[in-house]
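Engineer: Let me see the structure of the following:
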Amino acid sequence: MAVEKTKDLWVFIETEDEGTAKSVGLELLVPGRRLADKQNGKLVAVILGSNVAPALEAVKAHGADEAIVVDQPELKHYNTDAYAKVLCELIEKYGPSVMLIGATNNGRDIGPRISCRLGTGLTADCTALDIDDETGNMAWTRPAFGGNLMATIMCPDHRPQLGTVRPGVFKKSEPGEVKDIPVIKEKVEITDAEKITQIIQTCHCCRLGFCDNGAVYIVPLNFAFVPGTPDRFYFHGAHEGRKAELIRTSPRVGFELDCAHALAAGQTGCSYSYRYQSVIGTGVICEVQEPEEKKRALSAIMAHYEKSRLFTFTDEQAQRAAVFRLDVAQLTCKEHL
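Structural biologist: Prediction:
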């Protein structure tokens with residue numbers, strides 16, 4: 001269960017592939033405005049998708065007080081696990097009181113998953129919404145018993161209060177003036193294996209972090225990455241030296257890679273940002289002894305930096321070089337674009 005940190009009311013804004021807002025999200029801003037005011041909170045539009053600037057402009061013109069935007073290529077097409085993960089992380093971070101979700105195919109899929117993961121209630125297919133004057137809880141009204149009765153449901157003990165609302169129940173307002181509202185841009189942790197591999201292959205340097213008698217020793221290295229079970233990094237270097245000694249005595253390491261750096265300029269100092277992609281993780285490193293694996297690793301390292309040629313190595317060359325293999329135990333990626 002998430003903790004209520006604000007009296008804010010969230011509306012989930014579904015987006016089309018081209019980044020525009022689906023109508024049902026804009027429809028829900030209409031009751032959302034009234035309900036947010038009644039409980040003395042902000043009306044927050046939560047936008048997920050890719051290239052969602054059109055959706056952001058739409059919510060600015062339809063009465064939102066604030067917007068939370070997660071604009072990532074991986075979110076262009078609806079994906080249950082990705083969307084549920086992002087929304088749950090946002091809810092746990094900001095703690096809204098209420099969240100309205102359109103009862104589209106996607107909304108009916110995502111609502112129960114958020115409810116289950118956060119341990120809170122969900123009222124589905126609502127046709128009327130209000131704030132109970134006595135308790136301050138949301139009063140969700142929906143058809144029951146085959147539509148013969150209308151039931152009003154409240155969730156007094158768990159937050160956020162979640163509900164899906166059928167499209168067309170509320171009429172979308174006419175767009176007004178596009179207001180300059182606060183926009184929170186969130187980062188998303190990427191767990192898609194193909195995307196992580198793509199980012200790693202774009203990087204040129206892997207930084208290894210060792211524990212050296214209670215201190216941290218970090219060394220930048222050229223590398224090759226071989227996805228698999230487990231994922232593996234290969235490095236080369238000298239047989240002796242501080243790095244080689246730490247690999248033998250302190251083989252549990254952390255690592256970091258980053259790329260795609262760019263400054264995102266703003267109008268003021270506080271509106272500047274910085275774009276990047278990064279990968280971090282942990283694993284166990286060892287020196288490779290088997291000659292054929294050493295030769296494959298050296299060829300892979302060269303191929304990472306020089307893709308136009310195929311490099312091969314003799315047994316003598318492989319014997320002279322020290323090759324190290326890092327078996328990945330844990331790997332995560334962040335993208336801020």
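
Engineer: ok, which stretches of the stretch 151-300 of the chain are helices?
Structural biologist: 193-202, 242-249, 291-305 (DSSP state H, counting those that start in this stretch).

Engineer: hey, C-alpha coordinates of the longest one in CSV?
Structural biologist: Read it as helix 291-305. Only the C-alpha atoms of helix 291-305 are listed here, as CSV (Å, rounded to 0.1, in the frame of the first residue of the first chain):
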residue,chain,number,x,y,z
PRO,A,291,43.3,-20.1,-24.4
GLU,A,292,40.4,-20.3,-26.8
GLU,A,293,38.2,-18.1,-24.5
LYS,A,294,41.0,-15.6,-24.3
LYS,A,295,41.3,-15.3,-28.1
ARG,A,296,37.5,-15.0,-28.5
ALA,A,297,37.5,-12.3,-25.8
LEU,A,298,40.3,-10.3,-27.4
SER,A,299,38.6,-10.5,-30.8
ALA,A,300,35.3,-9.3,-29.2
ILE,A,301,37.1,-6.3,-27.5
MET,A,302,38.6,-5.3,-30.9
ALA,A,303,35.2,-5.7,-32.6
HIS,A,304,33.6,-3.4,-30.1
TYR,A,305,35.8,-0.5,-31.2
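
Engineer: so what's V216 up against?
Structural biologist: G209, F210 (C-beta atoms under 8 Å, 6 or more residues apart in numbering). Bear in mind the C-beta positions are built from the backbone N, C-alpha and C, glycine included.

Engineer: before we move on, which element is the closest residue to D130 other than its chain neighbours in?
Structural biologist: In this structure, D130 finds its nearest non-sequential neighbour in A139, 4.5 Å apart by C-beta to C-beta, 6 or more residues apart in numbering. Using DSSP states H and E, A139 falls within strand 138-144.

Engineer: Name the residues of that strand that are buried.
Structural biologist: M138, A139, W140, T141, R142 (16 or more other C-beta atoms under 10 Å).

Engineer: For that strand, name the packing helices and strands.
Structural biologist: In this structure, strand 138-144 makes packing contacts with strand 122-126, strand 128-131, strand 149-153, strand 161-165, judged by 3 or more C-beta pairs under 8 Å, 6 or more residues apart in numbering; DSSP states H and E.

Engineer: what angle separates it from strand 161-165?
Structural biologist: Taking axes from the mean of the first three to the mean of the last three C-alpha atoms, to 10 degrees, one finds that strand 138-144 is oriented at 40 degrees with respect to strand 161-165.

Engineer: Does T120 belong to a helix, a strand or coil?
Structural biologist: For T120, the assignment made with DSSP: H, G, I helix; E, B strand; the rest coil gives coil.

Engineer: For the closest residue to it other than its chain neighbours, give me the pLDDT.
Structural biologist: Of all residues not flanking T120 in the chain, H158 sits nearest, at 4.0 Å (C-beta to C-beta, 6+ apart). In this prediction, H158 carries a pLDDT score of 84.

Engineer: Next one: H158 from L43, what distance?
Structural biologist: 22 Å (C-beta to C-beta, to the nearest Å).

Engineer: These two: who's more crowded?
Structural biologist: L43 (26 against 15; other C-beta atoms under 10 Å).

Engineer: domains of the chain?
Structural biologist: 9-186, 193-336 (automatic domain parsing).

Engineer: Check those domains for me and report the most buried one.
Structural biologist: Comparing the domains of the chain by mean neighbour count (mean count of other C-beta atoms under 10 Å), domain 9-186 ranks first with a mean of 18.

Engineer: Ends of that domain, what's the gap?
Structural biologist: 18 Å (C-alpha to C-alpha, to the nearest Å).

Engineer: and that domain, how far out from the chain's middle?
Structural biologist: 18 Å (C-alpha atoms, centre = their mean, to the nearest Å).

Engineer: ok so, going back, for the strand holding A139, which strands pair with it and how are they oriented?
Structural biologist: Here strand 138-144 is paired, per DSSP bridges, with strand 128-131 (antiparallel), strand 149-153 (antiparallel).

Engineer: Next, the residue nearest to N40 when sequence neighbours are not counted: secondary structure please.
Structural biologist: In this structure, N40 finds its nearest non-sequential neighbour in K7, 5.5 Å apart by C-beta to C-beta, 6+ apart. What three-state DSSP gives for K7 is coil.
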